[in-house]
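Enquirer: Predicted structure and sequence below. I'll ask about it afterward.
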Amino acid sequence: MSSSASSSSSSSSSSSYQSQEPPPRQELWWDRLPSLKIVRPPKGPFSPQVDERCFTFCSQSISGRIHGQDPWCRSICFRRVFKHEVERVLSHHRTKTVTQAPGKKPVVEIKDVVEAVPLKHPLPPEGQRYSGWLAMLMGDRFGRPSGSDQHASADDHTHDHDQAQAHVQRETRYWQEGWYLWWSGSRWAAQEKLDLMRRDLEGQSEWQRLKDRRNDEWARGLPPPGLEEKGQQAHDVHPFEDVGNAPPFPDVTSQSILLPLPIPPTSLPSLYTALHDSVQPALAPAGRVLALVAESPHRELFERVWEKAKSDEPRKLLVVAWGRVRENFFGGEGEGEGRGGEGSRGKGKDEKR
């Protein structure tokens with residue numbers, strides 16, 4: 001009886017809910033007329049604006065495919081973090097201030113006051129350790145041979161785990177508003193990056209905490225939580241020893257780097273202003289030289305040289321100079337040969353005599 005009553009009540013509530021839905025809007029004749037529509041996309045978390053772009057290039061060789069080696073991959077991503085991702089709005093209200101001066105119209109000033117608190121989402125491990133990124137960029141294969149993702153030993157993973165724990169004790173860096181550059185040479189990191197593009201900063205932080213917890217349990221020799229719940233039968237089917245010496249989530253952050261870019265979030269205008277302010281001291285001497293040339297008699301000299309260059313006098317000067325050169329080089333040798341011929345003829349006449 002109770003079940004039938006509950007079903008009848010649920011059906012009545014659903015029917016009443018369906019009856020409250022508004023009827024579909026009828027299409028009007030002026031809706032078919034061509035018109036201009038101004039569509040303003042939403043801002044904040046519902047904005048369709050692109051906040052990250054990634055480019056990945058991978059290649060594989062014949063021998064690498066035969067031996068089952070990882071492909072050679074390089075990935076680069078540009079990420080823009082907006083204010084709504086690193087701040088939480090507590091209150092938003094509008095203030096109205098009226099300033100009235102004698103003999104003038106009152107001036108009304110309206111301001112939006114937003115009270116927000118920062119959200120501290122920690123950067124991933126590749127963004128926490130800036131000390132090793134120079135060695136990573138300068139080292140061959142980032143200090144490891146190719147295929148190290150598959151054949152890394154337990155000692156290496158334990159060392160990476162200890163190093164990661166040491167970095168946690170340092171000052172933690174958090175996401176801030178602005179641009180970030182992510183670069184990696186691992187195909188595992190590239191696959192994980194594509195999966196993380198579905199998550200926000202909070203979801204990425206939760207994923208990193210999950211990986212750290214699983215790796216910590218593996219380092220202490222604890223079995224995965226699923227085996228304890230399934231019992232001995234599951235342990236026989238999937239023994240814990242089959243996992244091998246590799247942790248559940250191998251540390252590939254040593255092959256990746258995350259750096260904040262010094263680009264203002266307000267884009268090109270502020271970037272142009274920053275570049276202008278930094279380059280202006282270097283260009284100041286050149287400006288002084290140009291000012292001296294423009295205000296001195298050198299300007300008149302340059303103008304005269306330019307006027308002469310546009311006239312036919314340079315061409316005439318070139319023709320005269322070329323004629324003098326031909327006369328000095330070719331004309332002098334002909335005269336010398338002629339004089340030499342006359343001298344030899346004179347000697348022949350003297351010998352005959």
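Expert: Received, thanks. Numbering: from 1, shown residues only.

Enquirer: so Lys37 sits in a helix?
Expert: No: checked against DSSP: H, G, I helix; E, B strand; the rest coil, Lys37 lies outside a helix; its state is coil.

Enquirer: got the phi/psi numbers for it?
Expert: As for Lys37, its main-chain torsions (degrees, to the nearest 10) stand at phi -120, psi 130.

Enquirer: For the protein, give me the ranges with low pLDDT.
Expert: 1-22, 25, 130-170, 225-244, 263-275, 293-296, 332-353 (pLDDT under 70).

Enquirer: So which residues of it form strands?
Expert: Listed from the start of the chain, the chain has strands (DSSP state E) covering 52-59, 72-81, 87-99, 107-118, 178-184, 256-261.

Enquirer: Turn those into TSV, columns for distance to Pro248 and mean neighbour count.
Expert: No exception for glycine: its C-beta is placed from N, CA and C like everyone else's. Shown next, in TSV, are the strands of the chain (distance: least, C-beta to C-beta, whole Å; neighbours: other C-beta atoms under 10 Å):
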stretch	distance to Pro248	mean neighbour count
strand 52-59	24	12
strand 72-81	22	18
strand 87-99	32	9
strand 107-118	32	10
strand 178-184	20	18
strand 256-261	19	18
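
Enquirer: residues contacting the residue lying closest to Ser59 once chain neighbours are set aside?
Expert: Once flanking residues are discounted, Ser59 sits nearest to Trp72: 5.1 Å by C-beta to C-beta, 6 or more residues apart in numbering. Contact partners of Trp72, counting by C-beta atoms under 8 Å, 6 or more residues apart in numbering, are Cys58, Ser59, Gln60, Gly64, Ser146.

Enquirer: Let me know the closest of these to Ala309.
Expert: Ser59 (56.4 Å; C-beta to C-beta).

Enquirer: residues in contact with the closest one?
Expert: Pro71, Trp72, Cys73.

Enquirer: Please report how far the second one lies from Leu181.
Expert: Same thing as Trp72. Relative to Leu181, Trp72 is positioned 21 Å away (C-beta to C-beta, to the nearest Å).

Enquirer: rewinding a little: from the contacts of Trp72, pick the one nearest Cys77.
Expert: The closest of those, once distances to Cys77 are taken by C-beta to C-beta, is Cys58, at 14.9 Å.

Enquirer: just checking, the closest one touches Arg187?
Expert: Yes: using C-beta atoms under 8 Å, Cys58 is in contact with Arg187, at 6.4 Å.
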